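Chemist: Below are the sequence and a predicted model for it; my questions follow.
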Amino acid sequence: MQSSNSLHSQILAIYEDRRRRQQDALLERMEEIYAKCPAYKELEDAIKDTFADRSIALIHGDETKAQLLKRREDDLIEQKQLVLSFGGFPECYDKLRYDCELCKDTGFVNGKRCSCYRQLMTRLLYETSEIKELLEKENFDTFSFEYFDKETIDPNTGKSAYEIMKYNYDIAKEFVTPFVPGKSNLLFIGAAGTGKTFLSNCIAREVIAAGHSVVYLSAATLFDRLAQMTFGKSGESEEKAVIMDCDLLIIDDLGTEFNNSFVSSQLFYCINERKLKNRSTIISTNLDLEKLKENYSERVSSRFIENYRICRFFNTDIRRKKRREGAGRKE
């Protein structure tokens, strides 16, 4: 994932390109108008002269003359629009257009980031994400229950691998239909190769497609980045804001990272901060609740119990099945 500073620079460049493109398009339209309606150019020049005269009148305090000139200016503008209409041009053909009328392609409205800024951030995060190509392959459209048989029974629940996955699949569908940031959080618990990451990818694809921002990191990468920020490397505040403020944060393979007191404290900070910001989080792990408590502290496990919907996964290794299936095809 790129740093937020880098993403911000790219977004500002996109806005600059939009403004330049719209300015060029307006110049082309104006040349078309001038060629077809010579009177339009004459009226435009007359409006400029009248505006200049009115400004001089105001400077000299001649309010009466300024008002007369304002009425003349308004009349010339009306005539100009009539000429445009008679020339067969649509209304506002001579006006600058914007991709976003709200912020006029600046990215900011009243000093705050425009909604289109978040959309651009979402797009760039997705385009620069390591999982972009993966999500094209692993999504709800490509999901298959054929790898979850009805004969393999989980001794802890008495349910088959198929029944367990169907339950988790339905929860994932509910999570994204529609996705509302902060509505819920998910904790995926299960051994490697039981479908946790695939289902996380299905969710990520749907949330991104709905226009929300998603950050997807392995636990090892997340804590490495947080460590770099903590020890003062460049871009810490912006990148941390991206992680803490995105609509959905997915932390994959919790428990595979090198664990220490820093990791435990940062995990608690991350899940607690995102709860306060009303943002959603999905965490997948090979560890059960007892091991999570043991590895990361009781306050972390209590947050999971209180604020996360826990989905337990069970199956024989899907990846091994797929490899065997692929080998069979080659033969």
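Modeler: Looks like it came in fine.

Chemist: Report the secondary structure element holding residue 215.
Modeler: Applying DSSP states H and E as the criterion places residue 215 in strand 214-218.

Chemist: Who are the packing partners of that strand?
Modeler: Contacts defined by 3 or more C-beta pairs under 8 Å, 6 or more residues apart in numbering; DSSP states H and E place strand 214-218 against helix 115-127, helix 196-209, helix 236-245, strand 248-254. C-beta here means a position set from N, CA and C on the backbone, and glycine is covered the same way.

Chemist: angle of it against helix 196-209?
Modeler: 160 degrees (axes from the mean of the first three to the mean of the last three C-alpha atoms, to 10 degrees).

Chemist: The residue nearest to residue 73 when sequence neighbours are not counted and residue 65: what is the separation?
Modeler: Once flanking residues are discounted, residue 73 sits nearest to residue 50: 4.6 Å by C-beta to C-beta, 6 or more residues apart in numbering. Here the criterion is C-beta to C-beta, to the nearest Å. By it, residue 50 lies 11 Å from residue 65.

Chemist: neighbour count winner among the two?
Modeler: Higher neighbour count among residue 50 and residue 65: residue 50, with 20 against 15, using other C-beta atoms under 10 Å.

Chemist: quick one, the longest helix seen in the chain and helix 115-127 angle?
Modeler: Using DSSP state H to define each element, the chain has its longest helix at helix 4-36. Calculated by the same axes, to 10 degrees, helix 4-36 forms an angle of 120 degrees with helix 115-127.

Chemist: any idea of the mean pLDDT for helix 4-36?
Modeler: The average pLDDT within helix 4-36 is 90.

Chemist: from the chain's centre, how far out does it sit?
Modeler: Remark: helix 4-36 is offset 23 Å from the chain centroid, using C-alpha atoms, centre = their mean, to the nearest Å.

Chemist: In that helix, which residues are buried?
Modeler: 4, 7, 8, 11, 14, 15, 18, 19, 22, 29, 33 (16 or more other C-beta atoms under 10 Å).
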